[in-house]
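Asker: build me a structure from this.
(2 chains)
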Amino acid sequence: MSLRFYNTLTQELAPFAPQDGKTVRMYTCGPTVWNFVHIGNLRSFTSQDILRRWLRYRGWELRHVMNLTDVDDRIIQQAVAAGQTIYDYTDTYAKAFFEDTAKVRLEKPEIVCKATDHIPEMVSLIQSLEHNDCTYLSEGSVYFRITKFPEYGKLSHTHFEGNKAGARVDTDKYDKENARDFVLWKARKEGEHFWDTPLGAGRPGWHIECSAMAMKYLGETLDIHCGGVDLVFPHHENEIAQAEAATGKPFSRFWIHTEHLMVEGQTMSKSLGNFYTLRDLLDKGYAPEAVRYLLASVPYRKQLNFTFDGLKAAVTAMERLRNYELRLTTSKFADGVNPKMTERAKTAIDQFEAALDDDLNTAEALGAIFEFVRDTNTAMDSGEFLAGDVTAARDLLARFDSIFDVLKPTVAGGAISDTDVDALIAERAAAKKSRNFQRSDEIRKQLLDQGVILEDTKEGTRWKRK
RNA sequence: GGCGCGGUAGCCAAGUGGUAAGGCAGAGGUCUGCAAAACCUUUACUCGUCGGUUCGACUCCGAUCCGCGCCUCCA
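Answerer: As a prediction, the model looks like this:
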């Protein structure tokens, strides 16, 4: 079976290939840079990172655009409260966003773009819509008239009633003709940041930035557009309306949405006290890779229930894989190649690839890896795993890690150097030889305090960082 | 009310018309100066509930209960 994804637009699993047969043009809705990234955000961004990596694994080139929303109501409020310009205010969080996402090893999209750098593009798109008679002016703001876009609702599969202007709503009482109409350009308000444009002084509505920037960098029809499920309506529905009413072409071929994350079975919210930023978790001592592992391990279309027990389980599971890699690289195996092992590795690769091809089934992909690990560990114990089998096993791990990226520990700055570790291990070996176990254990304890774990094996002592 | 996602062992979770992957936790064992690591055995006669279709369903159909999300800028 070929690579396929679930498309929100068609509500079906469909084979995927980029429209030009070469480069995937993908747009993901990035963060609103008004706060530190939380684990709910990170769930979405992690699933998009897995998608990125899998598309490349499958040989496609990638042109991935992600926006930073750096102007909206909250930002304006917060910036005013902090006595800063919106630029200074959002800069802090934009920087923090990339620091945080780098820690959980999210690849940076090929193009990252800020809303405030694309005001002319947005204005121009709104003008196209004006030209197509899809807009109207009300109290200085420009609105999109959804009656001009009959397909409105096709993404969220909603049939909106009462689309006839004035039929059910006394338009005189409202600034919109229809309750579902949405603002493209907001008239300037006293004390708010604004731009002087042909549309008048004001600032962009929420949705227009994505349509404008996506089309600027990716053309009128994207291959994939991603976001969290909460964005299906109204955000993505409105993006479609704006883009398609302007161009007359499909805005995106695939719409891929990540389900929400819950915390201890409940919606994550500040008021429930179960709201966690990545920084909160790292402050509690969890490795960023463990967070990544946990977020990646549940398929993206399933709600993920985040718990600290789950995070601890992720730590252990990840360590199991790292221990396996360590064993693979440090153990000595008898010469030769066991065809059974070669075959076993091939099966694992097939299963791994089939799982991810199937709408990024990460849980099943992990299952394939763990089964392989168990089987080959057993073979190592029994002596059936030979030196010539190491390459195939390492190749599988490399394929796995090119997607999951959790095997290499994050080494803190100022950590003890490899040579110092080796020197202490040598001293400990001497102590052990003279049966000075007190000194031997002392060294192990000392290294442990510095985040280094020693393991004695038949072939000598091996070590790893915590 | 409308739209959508889901209910599988203590927890997380895959799967499928043919008799329940994997991870974590638990129990017992092997190995071991100790500690790890690793392996073995063990933990769902059962897949929310009730009907139906079928030789056979957890998997298909119907009904029903429960959880979650969206339907006013929250990933």
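Asker: ok, which stretches of the stretch 1-150 of chain A are strands?
Answerer: Along the stretch 1-150 of chain A, the segments classed as strands by DSSP state E, counting those that start in this stretch run A:4-7, A:12-15, A:23-28, A:61-68, A:111-114, A:135-138, A:141-144.
Asker: contacting residues around the residue of the stretch 1-150 of chain A found nearest RNA strand B?
Answerer: Evaluated by C-beta to the nearest atom of the strand, the stretch 1-150 of chain A has A:Gly40 as its residue closest to RNA strand B, separated by 2.6 Å. To be clear about C-beta, it is placed using only N, CA and C from the backbone, and glycine gets the same treatment. A:Gly40 is in contact with A:228, A:260-261, A:268, counting by C-beta atoms under 8 Å, 6 or more residues apart in numbering.
Asker: do the same with A:Val229
Answerer: A:Val229 neighbours (C-beta under 8 Å, 6+ apart): A:257-260.
Asker: against A:Phe16, how distant is it?
Answerer: Here A:Val229 is placed at a distance of 19 Å from A:Phe16 (C-beta to C-beta, to the nearest Å).
Asker: cool, A:Val112 as well?
Answerer: As judged by C-beta to C-beta, A:Val112 and A:Phe16 stand 24 Å apart.
Asker: just A:Asp422 next, same as before
Answerer: For A:Asp422, the distance to A:Phe16 - C-beta to C-beta - is 48 Å.
Asker: between A:Val112 and A:Phe16, tell me which one has more neighbours.
Answerer: More neighbours sit around A:Phe16 than around the other of A:Val112 and A:Phe16, counting by other C-beta atoms under 10 Å; the figures are 21 against 15.
Asker: what does the pLDDT read for that one?
Answerer: On the pLDDT scale, A:Phe16 is placed at 95.
Asker: how far away is it from A:Met26?
Answerer: Going from A:Phe16 to A:Met26 by C-beta to C-beta gives 11 Å.
Asker: likewise A:Asp181?
Answerer: According to C-beta to C-beta, A:Asp181 and A:Met26 sit 29 Å apart.
Asker: domain parsing for chain A?
Answerer: In the assignment given by automatic domain parsing, the structural domains of chain A cover A:4-258, A:266-404, A:418-465.
Asker: tabulate the ones you listed (CSV), appending distance to A:Thr410.
Answerer: Supplementary listing: the domains of chain A in CSV, determined by distance: least, C-beta to C-beta, whole Å:
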stretch, distance to A:Thr410
domain A:4-258, 7
domain A:266-404, 6
domain A:418-465, 9
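Asker: in chain A, which residue sits closest to RNA strand B?
Answerer: Residue nearest to RNA strand B within chain A (C-beta to the nearest atom of the strand): A:Gly228, separated by 1.5 Å.
Asker: ok, for that residue, nearest residue in space, not its chain neighbours?
Answerer: Counting by C-beta to C-beta, 6 or more residues apart in numbering, A:Ser44 is the residue found nearest to A:Gly228 once chain neighbours are left out, at 4.6 Å.
Asker: touching, the one you found and A:Asp230? I think so.
Answerer: No. Using C-beta atoms under 8 Å, A:Ser44 and A:Asp230 do not qualify as a contacting pair, with a distance of 9.5 Å.
Asker: quick one, which of the two is more surrounded?
Answerer: Neighbours were tallied for A:Ser44 and for A:Asp230 using other C-beta under 10 Å; the higher tally belongs to A:Ser44 (26 against 14).
Asker: which parts of the stretch 101-250 of chain A are helices?
Answerer: When assigned using DSSP state H, counting those that start in this stretch, the helices of the stretch 101-250 of chain A occupy the ranges A:119-131, A:208-218, A:237-247.
Asker: need those helices in a markdown table (columns: mean pLDDT and distance to RNA strand B).
Answerer: Listed next are these as a markdown table, based on pLDDT from 0 to 100; distance: least, C-beta to the nearest atom of the strand, whole Å:
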| stretch | mean pLDDT | distance to RNA strand B |
| --- | --- | --- |
| helix A:119-131 | 96 | 14 |
| helix A:208-218 | 96 | 10 |
| helix A:237-247 | 95 | 9 |
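Asker: in a markdown table: the ones you listed, plus mean neighbour count and distance to A:Phe275.
Answerer: Compiled in a markdown table, the helices of the stretch 101-250 of chain A are given as follows (neighbours: other C-beta atoms under 10 Å; distance: least, C-beta to C-beta, whole Å):
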| stretch | mean neighbour count | distance to A:Phe275 |
| --- | --- | --- |
| helix A:119-131 | 19 | 32 |
| helix A:208-218 | 25 | 26 |
| helix A:237-247 | 25 | 27 |
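Asker: of those, give the one that comes closest to A:Lys432.
Answerer: The closest of those to A:Lys432 is helix A:208-218. By C-beta to C-beta, the value is 60.9 Å.
Asker: A:Asp181 and A:Met26: which has the busier surroundings?
Answerer: Regarding A:Asp181 and A:Met26, a neighbour count based on other C-beta under 10 Å identifies A:Met26 as having more, with 28 against 24.
Asker: wait, the more buried one touches A:Cys226, no?
Answerer: Yes. With contact defined as C-beta under 8 Å, A:Met26 counts as touching A:Cys226 (6.9 Å).
Asker: which neighbours do the two have in common?
Answerer: Taking C-beta under 8 Å, 6+ apart as the criterion, A:Met26 and A:Cys226 both touch A:Leu51.
Asker: what residues does the stretch 351-466 of chain A put near RNA strand B?
Answerer: Proximity of the stretch 351-466 of chain A to RNA strand B (C-beta under 7 Å from any atom of the strand) is limited to residues A:358, A:361, A:363-364, A:366-367, A:370-371, A:373-374, A:377-378, A:380-381, A:432, A:437, A:440-441, A:444, A:453-457.
Asker: can you list the low-confidence ranges for the stretch 51-200 of chain A?
Answerer: A:161-174 (pLDDT under 70).
Asker: next, see if the lengthiest helix in chain A gets close to RNA strand B.
Answerer: Longest helix of chain A, by residue count under DSSP state H: helix A:308-330. Yes. Legend: contact between helix A:308-330 and RNA strand B by C-beta under 7 Å from any atom of the strand is shown at A:309-310, A:312-313, A:316-317, A:319-320, A:323-324, A:327.
Asker: I'm done for today, thanks for sticking with me.
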